Structure formats: C-alpha cells, structure tokens
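Enquirer: what follows is a predicted structure for the sequence shown.
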Amino acid sequence: MSTNAEEIDSLVNQTYEAGFYTDIEQEFAPPGLNEETIRFISKKKEEPEWLLQWRLKAYKQFQEMTEPKWAHVEYPPIDFQDISYYAAPKSDEDRPKSLDEVDPKLLETYEKLGIPLEEQKVLAGVAVDIVFDSVSVHTTFREKLAEVGVIFCSFSEAVKDYPELVKKYLGTVVPARDNFYSALNSAVFSDGSFVYIPKNTRCPMELSTYFRMNAMNTGQFERTLIVADEGSYVSYLEGCTAPMRDENQLHAAVVELVVLKDAEIKYSTVQNWYPGDEEGKGGIYNFVTKRGDCRGDRSKISWTQVETGSAITWKYPSCILRGEDSIGEFYSVALTNNLQQADTGTKMIHLGKGSNSTIISKGISAGRSQNAYRGLVRVGGSAENARNYTQCDSLLLGDKSAAHTFPYIECKTPSAQIEHEASTSKISDDQLFYLRSRGIGQEDAINMIVNGFCKEVFKELPMEFAVEAQKLLGISLEGSIG
Amino acid sequence: MTNSLQALLQKLPEPNSDTGDWLERLRSDALKIISSRDYPSTKEESWKYTSLHDLRKNDYLIADERNTGALLKKPYSRDDFLEADKLHLVFINGFFQPNLSTDELLENGIKIRPTKTKKADEKCNLETILKADLSETFSALNILTLCDSLLIEVEKNRKIEKVIKLILIGESSEPLLKSLRIIVKMNENSHARVVEEYRSHDKDAGLTNVVTNLRLGQNSTLFHHRLQMESMNTTHIGKIDAQVDSGASLYSDSIVMGSKLSRVDIDVSLSGRAAYCRLNGLFTGINDQHIDHHTTIRHLVGETHSDELYRGILDDNSRGIFNGKVVVSADAQKISARQASNNLLLSKLAEIDTKPELEIYADDVKCAHGATVGQLDETALFYLRSRGLSYKDARALLIYAFAEKVIESIPLPALRQLLENKFLGHNQMSEFIQQG
C-alpha cells in the first residue's frame, strides 16, 4: 500500500482552495462578553425591548452553564472574553437595493468562490440570502416569493416586520437553556434567516443561504428559524466556505425547524469551512445546534448534510417526532482529513404513534483525523409501532485515522422496531484492483469508490447541491488517498 | 433513609498499612481511592441508565467470618451439590465451605486454592492482578470488604476434563454485603471450563460484589460461564477482567436471570497476536428487574479477533441495558470484530437501552455491529397456535427460539438443559424440542 501512503501524503499537503481574505472595513463590537455587549448588539440592530430581554435571560442561563466535555474531540480552551460578538460590513447604514449597489469587493469574493449571483438568479432559480459575516446584505427573489406568501428574509428584518411570528416560534424548538452553545447563541446571535411558508403552499423554489465568515476574531452566531405551516413544503439549502486564517473561529449557530400538520421541510447543508492547516492550526470550531419539531400528524423533516470543513465539527441535527406518522430523516456524509475532528450524528425522538425515522451516516476519515458518529434513537412509551432504521458506515483512509461509533438506542415500547447497523473498514483492495485492472487510474478509482460509498446520501441532495458536494469531495480527495 | 458509601466504609476497621503486608497496603490504597467517593451516580456516562439509589435503602452488614447473619435454610450437605464430572466449590454468604466442596481440590495439574487473603500467597503475583482495577469504585470496595478469594491455576499443557463449578450462595437473614474475588490463571497451552453459578434464598436481600480476574497464557483456552440466578430482592455487581495472550481463546457467557438490580462489567484485553474472545450474553427481565451489561473488548495488538452476541428479553416493567464497546488501538492492524445486540420487548412497560460502540484507531480493520429491538412475530405466533399449541406454549417456544442462539453455543449439556427448562417451563415442551 505504499502508493496509498504517498497519495495520503499529497492529500495531507493539499492547501485549502477557497482560502483568501477580503479586506473590507468592519464595524466591531469590542471583544468580550457581558450585558453591555448584548445591549450593544441589540441596539445596533434596533431590536424591540422583548428581544433584548430574551437575550439577557439567555445570557443569565449561559453564565450558570459549563462547557460540555463529553464529545470525542480535543481543543484548547476557548476564551469567550476574547471574541468579538458583533461585526457587520460598514455599508450597513445604507443597504444596497440591487446588485449594482453591492460593494464590489464583496462581489469579488463571491466571484472567487464561484457563486455568480446573476447567473444563479437566472439559471438556478434560487433565491440567495447571503450572510456576509453577520448581517444579511442581499436578498433576491423576495418579490416572487411574496406572491405566494412565503416569507424569506434575514432574521433582523423578520424581527421588525413579523414580530408576532418570531415571538411565537423563537426558542420553542431549541430553548436558550438547551445547551451551553445554544444559550450563548441566544444571548448574542447576530443575524440569520427566517422562513415562513403559509398553509398549503409549496415553496416555488429552493431557498438558499450562503454563509461566509470574513472577519478576524469574530464569532459567528447565526440563528435560523423555519416555520412550515400546515400542508406546506420547502426545501432549504445552506452552504458555507471561509477564508484562510490562523486563529480559530468559533461558530455556534442555532437552527430551529417547526413543521406543522402534513408539512415538510427538507434542509440540506454543504459545509466547507476552513479546516485548519496540516498541523491542525487554525480552522473553524463548528458547534451547532440544529433541531426540528414535527408538531403535527404526518409532518416530515429531512436533514441532509455534507460536512467536509471545519477543524472541529460538533453537530447533531435532530428530529422530535411528535405527530402521528411523522417522519424524520438524516443523511450525512462527514469527511475529515489532517487533524480535523468531527463528532456528528443525529437524535430521533419518537413520541407519536407510527413515527418513522431513517438514519444514513457515512464517515470518511483520512490523515490523522478523528471522525465519530454519535446518535440517539429514543422511542417513548406512547410511540406505538414506531420504526427506525440506522446505518452508519465508516471508511478509513490512512493508518493514523480513527473512526468511532456511539449509537444510543432507548426503547420503551414493544411494538417499535429498531434496527441499527454499522461497519468500519478501509477501501477494499478487491474493489480497487478491479477498477485499476480496467485501466482506471488510482486516483479516479478511489474517487469512484468514495463517491459510491456516499451515493445514498448524495441522491438526497437537491441537484445543484449534489454537484457541489461531489465536487467538494473530489477536491478533498484530489491527487490523494489510497 | 440514605446510607452512603461513606457510611458503609465507617463500619470497616482501619487498614493497617504499617504491617508490611502487601494486602493491607493494597487496602489502604483502595481506601484512599474511594474515601472521597460515593456510589457512582447516573451523571457518569457508564452509569447513565443504572441508578444505585436502592443501595442506599439498605443498611448493609459487611460479611466477615464471625458474622454472616443467620442461615435461612436447613444446613446443606455435600450431596446437595454433587454432579458427575464436576469439581464443585461452594461458597455460602461469601465464605468458602470446604465441607460442602469436592475433596479432589488438588487434582493433577490444577491448583485450586481458596486464598485466605490474610495469608495470601506472594508467589503467584496476586498483587499485580488485584491492583489492576483498583481505580473503579466497586473494585476498590471489593478489596476493602473482601470475604474470601479463590485462585484456580491450571498447569502448563494440561487439559482439565472435569468442569470446575463454583456455587456461590447467598442466604442471610440480614442484608449482607458479600465481596468475592475469583482468579483464574491459565498457564501456557492449558484448557479448562469454569462455571460461576450465583444463587440465593428467596428472602435474601444482600449485595454481591464479585470481581473475576482471568489471565490466559499463550495458546490456552478457557470457557467461562457466568450464571446469575439470585433472588429478586438482591443486588448483584459483577466484574470480569480478562487478559488474553497470544493464541489464547476466551469463551465467555454471561447469563442473568436474577436480582432486582444486576450489573455486570466485562473488560477483555486481547494482548497478543491471534488472541480471540467470544462474549455471549443472555438476560431475561421480569417484574421490575434492572439488568445492565457493560462490555469492553480491547484489541491492543494486530491480528486479534472478537465476536460478541448479547440477547435480551424484557417482560413486565423490567429494564435492560447493554453497552458494548470495541476499541481497536492505533497500529493494531488486521482486526476483525463483530458485535450484535438483539432485544425482545414483551410488554408495554419494558424498556431496553442499548449502545454498541466502536472506537477505532487503525485502518486495516473489519468491524461491524448491529442492534435490533423488536417484538414477537404475530405470524409465527399464529402459525404455532394454528398447529394446536396453547398461547402460553407458543409464546414460550418463540422466546426460547430467540434465546437459543446464545444457548446453543454453550458446550455444557447440563447447563443447556437447565436453561431450556427455564424457558419452556415444563418437560413436555422440552421433549418437543429435543425431538425436533
């Protein structure tokens, strides 16, 4: 396997392709976390009093909590007083009305990333709500969505324009005190997206947000809230890249999904934040709380994620299956390389009769990385005839990589059926030999096998995303891997 | 009414570390370790599902030679335990009973020594073995409150034909804490079969705390069957710590049917090439029984293999817990490990919590695990009923069929028969099975 070792080496030596840094003037909150910071953020965003009080309450709860240590990851302690909790592009004072008014440097950034806004508008028909650092700068297709009554805007706009909706749903799925990072997020969240799909409406296009972190020492605290009213459907895409940087950045986002009777939310993520260099220096800490609540009968949530970036990923998109016959799905590909660490998985909480969940998780660990699946399937006493199927497979590339599986299964009802399967292995020599003997190069062969390994998950992604995901995986494996 | 671990420790005499006796030294080390602790709480990951709250309800009497409470049954005689082809050793309330045990203790090639711990033998290196797991609360408590211990040492190149059967009986009128230590040392190329059978009187409400240390030398083979059938009022805490050297094989069964609360920890280290272990388990819960198994298999070097199968059957409002962990160390290449946890829930109030874990730090491995939770198949039940079996028999037969996967691999016919009878209740059904 000496070729493999070489290939792994070249993978390890590969630099971050999306790494660049745009110099734009920022407006910072002074580093540090206290009540003043929170008041500053709230004032800056012209928030109503109730939201400020909500933040302050969360901050009180945060102070009483301790940093969780149970995940299978290691990192130096984070100094929460050394982080600046607010950064917004200067142009905040007079927002651009069209693309022409957008700061050309910003556009340049997107150009480098290969996200031509105009083209996307026309070709993909996707409304893009770009979060550049903390403030939503540009929203497209708003009018078109408004025709069918879909609300898709930045969180701060939602607070101003639809305070009743925000008030009704904010923090009901992920309460501030849920965990350490959700409390932190609730106290200092900067901005994010808000989506509301009215009753019996099928959102006419896929909604998409590109997150991008760009300022030194700025924690990102996005807050996303999606509400699908009875009988509605929406597909939401979230994708991220970040520029090269030496200092660790903390990202503690909260995503809340509320799904009412007969409604469905499909939430897809491609995450490619800066993973740190070969020595594990730098890179993003991605501590995210994502949870969906199937509140009505037959409601459905489907999480799909492709996680290739971040120094540390710590993320468990979950479903609370409250309604009868509600459905939760989780499809995940997590790739770690160099010294990346990932501890990711899902929680399926079955409460409703006949609720059904599927978990497909594919972990790929290369280099000296650690990749863990951690999942919980809990079937409560009321969830008669609940059904769960879990499959988590790990692929090991490189003899210093590690893969772990920690599935928790808790079952309280005899009519439930739960199946869990997991396997861990390296790329099969037989498969590799077969492809090589057909004249396919080592690299392409490996790419093929890895893509085949992930196929079950990729096919759940919307078209454009599937292409991007495959490309991402290809880049990560380029000139590499045994 | 709460009795903390510290309250229990108050009852112990101070260990005297100045005597130069290594065991006294060990005791004072153990005391240092747990002197600031209480019983493990559910906040600890490994005790997440098992609350030891009930331990506090009893004011345990620590068994010692002078006081083990009054016996509940008429005295036993040696004939009560005699079985063909077995060497039996009887312990009552934590203490070895030479009058009731087999008198062929020193058969050719085997040394079975009930070790009065005060005069423990320096030669067989007991100290290192006993020290190994001192950091765990119950292991430290075991050393501190030890009643009797037993060392079984099998000579090099020797195959012991007779089954070594340990019968450990609890029957005290008092809630008694019995701490026992069993050490099995298999020398090179040896072969033995050991059964540990735990029983108790129906009224016994004691706490059993047993640690079994298994040391398998090169190319040795050990079958170790642990059968726990204590009464429904008891608490049972067991630990098996095994080290398997190159070419050696350990076949372990843990069968739990008894105790109100039962916890068995099994920790196996495969420390030499071509070492193998098979861990099987079967547990059945009724009433409000709580049965917890935690197993860890450590593949410390390459070319080691393991298989694990645990099956749980939970009825009434019993609760079963299985936590199986397979760890493959860095650079331990060419490993295969298989693990399965299958569970049957028979009642609406029963609960199972299972967690099969893999922790893998090497790449050339084949590891797989599976877990299932389900119920009896209605169609199969209907099929059997339509063939004239009563509901009760049909149900028993299906449950037995589920358990059989574990039972069939037990190489001791008497033990298999005992389990069959337990599952099928009456002899007619047993005959039916044998015919089939």
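Expert: Yep, it's here.
Enquirer: hey, which helix or strand in the chain has the poorest pLDDT?
Expert: Went with chain A since none was named. None of the helices or strands of chain A scores lower by mean pLDDT, DSSP states H and E than strand A:135-139, at a mean of 44.
Enquirer: any idea how far residue B:63 is from residue B:242?
Expert: 26 Å (C-beta to C-beta, to the nearest Å). No exception for glycine: its C-beta is placed from N, CA and C like everyone else's.
Enquirer: could you do residue B:314 as well?
Expert: Residue B:314 sits 32 Å away from residue B:63, going by C-beta to C-beta.
Enquirer: ends of stretch A:394-412, how far apart?
Expert: Separation of the first and last residues of stretch A:394-412 by C-alpha to C-alpha, to the nearest Å is 29 Å.
Enquirer: wait, I meant stretch B:382-402
Expert: Across stretch B:382-402, the straight-line distance between its terminal residues is 17 Å, by C-alpha to C-alpha.
Enquirer: I'd like the next helix or strand past the least confident helix or strand of chain A.
Expert: helix A:142-147 (DSSP states H and E).
Enquirer: what helices or strands is that following helix leaning on?
Expert: Packed against helix A:142-147 by the contact rule (3 or more C-beta pairs under 8 Å, 6 or more residues apart in numbering or on different chains; DSSP states H and E) you find strand A:127-132, strand A:151-154.
Enquirer: tell me the strands beside the shortest one, with direction?
Expert: Paired with strand A:151-154 in the same sheet, following DSSP bridges, are strand A:192-197 (antiparallel).
Enquirer: any idea of the mean pLDDT in the partner strand?
Expert: Throughout strand A:192-197, pLDDT has a mean value of 89.
Enquirer: interface residues of chain A facing chain B?
Expert: For chain A, the residues in contact with chain B under the definition C-beta under 8 Å from any C-beta of the partner chain are A:70, A:379, A:381, A:394, A:396-426.
Enquirer: selecting buried members of the residues you listed in ChimeraX, what would you type?
Expert: Typed into ChimeraX, the next command selects the buried ones out of the residues of chain A next to chain B (criterion: 16 or more other C-beta atoms under 10 Å in any protein chain shown):
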select /A:379,394,396,397,398,399,400,401,402,403,404,405,406,407,408,409,410,411,412,413,414,415,416,417,418,419,420,421,422,423,424,425,426
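Enquirer: in strands, which of the residues of chain A next to chain B fall?
Expert: Using DSSP state E, the members of these that fall in strands are A:379, A:394, A:396-397, A:402-411, A:417-426.
Enquirer: next SSE downstream of the helix or strand hosting residue A:332?
Expert: When secondary structure is defined using DSSP H and E, the element that contains residue A:332 is strand A:327-336. Note on strand A:327-336: by DSSP H and E, the next helix or strand toward the C-terminus is strand A:341-344.
Enquirer: average model confidence for the following helix or strand past that following strand?
Expert: Sequence-wise, the next helix or strand beyond strand A:341-344 is strand A:347-350, with elements assigned using DSSP H and E. What strand A:347-350 shows for mean pLDDT is 95.
Enquirer: can I get strand A:347-350 as PDB, trimmed to CA atoms?
Expert: Taking only C-alpha atoms (Å, rounded to 0.1, in the frame of the first residue of the first chain), the coordinates of strand A:347-350 have been written out as PDB:
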ATOM      1  CA  LYS A 347     -31.200  12.400  17.600                       C
ATOM      2  CA  MET A 348     -34.600  10.900  16.700                       C
ATOM      3  CA  ILE A 349     -37.000  11.300  19.500                       C
ATOM      4  CA  HIS A 350     -40.100   9.200  18.700                       C
END
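Enquirer: check which helices and strands that strand sits against.
Expert: The criterion is 3+ C-beta pairs under 8 Å, 6+ apart, and the helices and strands that strand A:347-350 contacts are strand A:318-321, strand A:356-366, strand A:370-379.
Enquirer: paired strands for it, with orientation please.
Expert: strand A:318-321 (parallel), strand A:370-379 (parallel).
Enquirer: can you redo the helices and strands packed on strand A:347-350 as a markdown table with mean pLDDT and distance to residue B:288?
Expert: Rendered in a markdown table, the data for the helices and strands packed on strand A:347-350 read as follows (pLDDT from 0 to 100; distance: least, C-beta to C-beta, whole Å):
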| stretch | mean pLDDT | distance to residue B:288 |
| --- | --- | --- |
| strand A:318-321 | 95 | 28 |
| strand A:356-366 | 92 | 29 |
| strand A:370-379 | 92 | 20 |
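Enquirer: tell me which of these sits most buried.
Expert: For the helices and strands packed on strand A:347-350, average neighbour numbers computed from mean count of other C-beta atoms under 10 Å in any protein chain shown are highest in strand A:318-321, which has a mean of 28.
Enquirer: can you give the contact residues for that one?
Expert: Contacts of strand A:318-321 with the rest of the structure, by C-beta atoms under 8 Å, 6 or more residues apart in numbering or on different chains, involve A:173, A:290-294, A:301, A:303, A:327-330, A:346-352, A:355-357, A:383, A:386.
Enquirer: can you do 6 Å?
Expert: Among residues not part of strand A:318-321, those counted as contacts by C-beta atoms under 6 Å, 6 or more residues apart in numbering or on different chains are A:291-294, A:301, A:328, A:346-350, A:352, A:355.
Enquirer: and which of the residues you listed is nearest to chain B?
Expert: Using C-beta to the nearest C-beta, residue A:350 is the member of the contacts of strand A:318-321 that sits closest to chain B, with 11.6 Å.
Enquirer: and the closest one, how many neighbours?
Expert: 32 (other C-beta atoms under 10 Å in any protein chain shown).
Enquirer: try residue A:81
Expert: By other C-beta under 10 Å, neighbour count at residue A:81 equals 10.
Enquirer: just residue B:171 next, same as before
Expert: If you count neighbours by other C-beta under 10 Å, residue B:171 ends up with 22.
Enquirer: what is the neighbour count of the nearest residue to it once chain neighbours are set aside?
Expert: Distance criterion C-beta to C-beta, 6 or more residues apart in numbering or on different chains; nearest residue to residue B:171, sequence neighbours excluded, is residue B:201 at 3.6 Å. Neighbourhood size, residue B:201 [other C-beta under 10 Å]: 19.
Enquirer: what's the separation between residue B:201 and residue B:297?
Expert: When distance is defined by C-beta to C-beta, residue B:201 is 35 Å away from residue B:297.
Enquirer: now swap in residue A:275 and tell me
Expert: When C-beta to C-beta is the yardstick, residue A:275 and residue B:297 sit 32 Å from each other.
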